[in-house]
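Colleague: quick check, what structure comes out for this input:
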Amino acid sequence: MSNARISKLLEPGKIGTVWTKNRIVKVAATHAWYPYEDGYFPEEAKAFYEALAKGGAGLIVVSVANIDYPYGLFPDRGWRIDDDKFIPGLKDVVDRIHKYGCPALQQLFHIGPIYPGSFFGHEVLAASTLTKENHPQPHWEPCRGLRKEEVKRLVVKFAEAAERTRKAGFDGIELNAGSHHMFNSFLSPAWNFREDEYGGSTENRARFLTEIIREVKQRNGRDFVVTVLFAGAEIGLKNGMTLDEGKKIAEILESVGADAIQVRPEYYTEAARSGATESTHFPEAAFYPEIAEEKNQLVDTSRHGAGAWVPVAAAIKKHVAVPVIAVGRLDPVIGEAALRKGDADFIGLNRRLLADPELPNKVAQNRLEDIAPCTACLTCFHQIESFIPMKPPLCRINTMLGREKTYKIVPAEKKKKVMIVGGGPAGMEAARVSALRGHDVSLYEKSARLGGAMNVAGIVKGYEREDLEALTRYLETQIVKLGVQIIRSKEVGRALIEKVKPDVLVLATGGAHDFPHIPGMDRSSFLTGKVLHDKLKFFLKFFKPKTLHRLTNIWMPVGSRVAIIGGNIQGCQTAEFLVKRGRKVTIVEESDKIGEGLLGMLLKPRLLWWLQKNGVATLTQVKCKKIDDDGLSVTEEDSNLRTIAANTVISALPLKTNKDLIKDLEGTVPEIYAIGDCESPQLIVDAIHAGSKVGRAI
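Modeller: Numbers count the residues shown, from 1 in each chain. Now for the predicted structure:
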């Protein structure tokens, strides 16, 4: 049954000569690296795209192929399309996508100035020569500007690559002119200082791109689809591309034959302008840790990033007749609203489809509650950008991402009685997968609310960017539908286990809290992680996590000056939480590192910059000595004793393993597993993957 509320999203659409069964486009951003061999398309990637097509997407843009090996993309970090020998492998991909009635485009680009030349031993190339003094990203490597004959050579390279995509069966190509890649270094006046026909006016800066579109159309015919992704505006960048220029570029692209335009602004935050980190096209990261005070009329900050870029797409749409694809933390509901308002013609989804490739089918079947949520954790982006060493694809909620063939959930050979202790992410995922395989599953949680430590983490993290409550809601919905028996407010011990007599016992009881054993630790001014967790869990009996998060703005049992022991993700996010509530904070860390556990490519540098800007002092390589009326005393690396003025001291150290229970229960049940924080305290993604793994093993 189709969804009455979401109808525009499910309507057929047309881009050039290509018809789509709905308005959902799987855009090519956040491409997942796979183990490539000599540039050929690997089986793991083929299975990934087949799963997307089977899930009901209207159009799939296959991620970028290297048109100019080794310069066009990181060497050995993607498939190649610079030789005819790669066509058969690409044809197999297209055939798998077409099998489900879904058209496919191949994205083409040149990585340009983002290339890590010093690592690979090659030059870094861009439209213009960029030094530390004139580089829009001064912490990047300097670039050499392309000579005119090199520009002409690349035009031919792109056209030849497009011919190969047509021979492979693709319905067209997408030219990626966004981010900081080669095309954008031509389009943007902040990057392009050329004085020839490829620099200066807007028309000249667009010339490289328009020459490629013309050449591609000439070689492949007017019916061969060419879409273009470009920035639309470089928000916050001095001398960057303005929205007015974006409108003009869109008109130029349409005039030379572009069949659709995807608009994805590039956002330069104050942190980026200070050199703390680069810019971003992820809207929720642009507004992290908080929305900048200067309000920008080009973006929508009402949902802290979700749908933030739609106004830019809407502005571009008024100036072109070809379809416009909107992107930027969209979901089916926000996408439907944009289509109904006429702000866009197609809705580009990426991470939402990584989290759940079946999203389009579930929307069509009116099963929105069954869509696995993307919580904008950016694990996927962190994996692909941390490419040295190369890491496999990873999603917080979709454990099958990148493992579509090998990680299938198959019926169990023998139905077993499974008892799971702990209703956090690891326990709920173990229950979900076990039940899907046909086991008889019961889940015991000692509190009244499922979610485990995610409930407390959500209160500290907040829900503006990363909605952890959505994870709990989804997992709980699934296990209820699967018939898992949920027993709340029940402490589990040996007696109960012996009474239930399960075939399998899964312990997901959480980790043990760590804190320093120093003089003064018995003072009321010292709050351990356990004390704070217990306090929050008490109030969770009466309030939902989001409500409790809001109430902490009114009152908390925390003084005005706080010393936090522990500088990992727990300490840094606690500091953010307290600073936003008016506390003066100092972080002390025994190691020489701050922010371990934070995702490093975007969020970590932004948060550390923000903490420093907001007066948070960070002391590393110190040892805690005592807590007294004056605050926390520590010894620094030079052995000097220093007292940090504080009326509250909080321990925010990482959790420890908690295997006492499994030792006590050995021999009581044929199969016993410990998963999640009790076995190995890590991140939410690790807990969910541990639950999935044990669910498949039972």
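
Colleague: longest strand anywhere in this protein?
Modeller: Ranked by residue count under DSSP state E, the longest strand found in the chain is strand 59-66.

Colleague: so which residues make contact with the helix or strand just after that strand?
Modeller: Under the assignment DSSP states H and E, the closest C-terminal helix or strand after strand 59-66 is helix 87-98. Helix 87-98 is touched from outside by 40-41, 45-46, 49-50, 52-53, 60, 62, 65, 79, 81, 103-104, 106, 164-165, 167-170, with contacts defined as Cβ atoms under 8 Å, 6 or more residues apart in numbering. The way it works is simple: take the backbone N, C-alpha and C, and place the C-beta from them, glycine included.

Colleague: okay, helix 87-98 in PDB with CA atoms only?
Modeller: C-alpha atoms of helix 87-98 as PDB (Å, rounded to 0.1, in the frame of the first residue of the first chain):
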ATOM      1  CA  ILE A  87      34.500  -2.000 -19.400                       C
ATOM      2  CA  PRO A  88      33.400  -5.600 -18.700                       C
ATOM      3  CA  GLY A  89      33.500  -5.200 -14.900                       C
ATOM      4  CA  LEU A  90      31.500  -2.000 -15.100                       C
ATOM      5  CA  LYS A  91      29.000  -3.600 -17.400                       C
ATOM      6  CA  ASP A  92      28.400  -6.200 -14.700                       C
ATOM      7  CA  VAL A  93      27.600  -3.500 -12.200                       C
ATOM      8  CA  VAL A  94      25.200  -1.800 -14.600                       C
ATOM      9  CA  ASP A  95      23.400  -5.100 -15.400                       C
ATOM     10  CA  ARG A  96      22.800  -5.800 -11.700                       C
ATOM     11  CA  ILE A  97      21.300  -2.300 -11.200                       C
ATOM     12  CA  HIS A  98      19.200  -2.500 -14.400                       C
END
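
Colleague: which residue ranges form the helices in the stretch 51-200 of the chain?
Modeller: Secondary structure of the stretch 51-200 of the chain (DSSP state H, counting those that start in this stretch): helices located at 87-98, 117-120, 148-168, 182-187.

Colleague: mean neighbour count, the ones you listed: which tops it?
Modeller: Neighbour counts (mean count of other Cβ atoms under 10 Å) averaged over each of the helices of the stretch 51-200 of the chain peak at helix 182-187, with a mean of 28.

Colleague: chain center to that helix, what's the gap?
Modeller: 25 Å (Cα atoms, centre = their mean, to the nearest Å).

Colleague: tell me what it is packed against?
Modeller: Contacts defined by 3 or more Cβ pairs under 8 Å, 6 or more residues apart in numbering; DSSP states H and E place helix 182-187 against strand 125-126, strand 172-177, helix 207-220, strand 225-230.

Colleague: 7 Å instead?
Modeller: strand 172-177, helix 207-220 (3 or more Cβ pairs under 7 Å, 6 or more residues apart in numbering; DSSP states H and E).

Colleague: am I right that Asp356 is in contact with Thr375?
Modeller: No. The pair Asp356 / Thr375 is not scored as a contact, 12.0 Å apart, by Cβ atoms under 7 Å.

Colleague: could you give me the average pLDDT of the longest strand of the chain?
Modeller: For strand 59-66, mean pLDDT is 93.

Colleague: and the angle for that strand with helix 87-98?
Modeller: Angle of strand 59-66 versus helix 87-98, following axes from the mean of the first three to the mean of the last three Cα atoms, to 10 degrees, is 160 degrees.

Colleague: hmm, who's touching strand 59-66?
Modeller: 20, 25-28, 31, 39, 49, 52-53, 72-73, 78-82, 93, 97, 102-109, 161, 174, 176 (Cβ atoms under 7 Å, 6 or more residues apart in numbering).

Colleague: and the angle from it to strand 172-177?
Modeller: Using the same axes, to 10 degrees, strand 59-66 lies at 60 degrees relative to strand 172-177.

Colleague: I'd like the helices of the stretch 51-200 of the chain as a markdown table, with distance to Trp555 and mean pLDDT appended.
Modeller: Below are the helices of the stretch 51-200 of the chain laid out as a markdown table (distance: least, Cβ to Cβ, whole Å; pLDDT from 0 to 100):
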| stretch | distance to Trp555 | mean pLDDT |
| --- | --- | --- |
| helix 87-98 | 55 | 96 |
| helix 117-120 | 51 | 76 |
| helix 148-168 | 60 | 98 |
| helix 182-187 | 48 | 97 |
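
Colleague: export those to JSON lines and tack on distance to Thr472?
Modeller: Formatted as JSON lines, these follow (distance: least, Cβ to Cβ, whole Å):
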{"stretch": "helix 87-98", "distance to Thr472": "34"}
{"stretch": "helix 117-120", "distance to Thr472": "41"}
{"stretch": "helix 148-168", "distance to Thr472": "43"}
{"stretch": "helix 182-187", "distance to Thr472": "39"}
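
Colleague: so which of the ones you listed gets nearest Cys380?
Modeller: helix 87-98 (20.0 Å; Cβ to Cβ).

Colleague: tilt between the closest one and helix 148-168?
Modeller: With the same axes, to 10 degrees applied, the angle from helix 87-98 to helix 148-168 works out at 60 degrees.

Colleague: please state the offset of helix 87-98 from the chain centre?
Modeller: 27 Å.

Colleague: show me the contacts for Glu671.
Modeller: Glu671 makes contacts with Asp503, Val504, Leu505, Ile698, as judged by Cβ under 7 Å, 6+ apart.

Colleague: for Pro323, same thing?
Modeller: Counted by Cβ under 7 Å, 6+ apart, Pro323 has contacts Ile15, Ala260, Asp345, Phe346.

Colleague: number of nearby residues for the last one?
Modeller: Other residues near Phe346 come to 29 when the count uses other Cβ atoms under 10 Å.

Colleague: can you list the weak-confidence ranges in the protein?
Modeller: Low-confidence segments of the chain (pLDDT under 70): 1-4, 30-37, 76, 272-277, 292-296, 386-390.

Colleague: what about the closest residue to Ser118 other than its chain neighbours, distance to His122?
Modeller: In space, and not counting its chain neighbours, Ser118 is closest to Glu141: 6.1 Å by Cβ to Cβ, 6 or more residues apart in numbering. The spacing between Glu141 and His122, counted by Cβ to Cβ, to the nearest Å, is 11 Å.

Colleague: of these two, who's got more company?
Modeller: More crowded of Glu141 and His122, by other Cβ under 10 Å: Glu141, with 17 against 13.

Colleague: ok so, going back, now render the helices and strands packed on helix 182-187 as TSV, adding distance to Val226.
Modeller: Output for the helices and strands packed on helix 182-187, formatted as TSV (distance: least, Cβ to Cβ, whole Å):
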stretch	distance to Val226
strand 172-177	6
helix 207-220	6
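
Colleague: out of these, which gets nearest to Arg437?
Modeller: Arg437 lies closest to strand 172-177 among the helices and strands packed on helix 182-187, at 39.1 Å (Cβ to Cβ).

Colleague: quick one: list the elements packing against the closest one.
Modeller: Using 3+ Cβ pairs under 7 Å, 6+ apart, the elements in contact with strand 172-177 are strand 104-109, helix 182-187, helix 207-220, strand 225-230.

Colleague: so can I have TSV of these showing distance to Gln612?
Modeller: As requested, the helices and strands packed on strand 172-177 are exported to TSV (distance: least, Cβ to Cβ, whole Å):
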stretch	distance to Gln612
strand 104-109	35
helix 182-187	30
helix 207-220	39
strand 225-230	34
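
Colleague: hmm, back to that, between the helices of the stretch 51-200 of the chain, which one is closest to Ile487.
Modeller: Judged by Cβ to Cβ, the one of the helices of the stretch 51-200 of the chain that comes nearest to Ile487 is helix 87-98, at 43.8 Å.

Colleague: quick one, that closest one and strand 104-109 angle?
Modeller: Per the same axes, to 10 degrees, the angle that helix 87-98 makes with strand 104-109 is 130 degrees.

Colleague: nearest to Ile497, of the helices of the stretch 51-200 of the chain?
Modeller: In terms of Cβ to Cβ, the element of those nearest to Ile497 is helix 87-98, at 46.8 Å.
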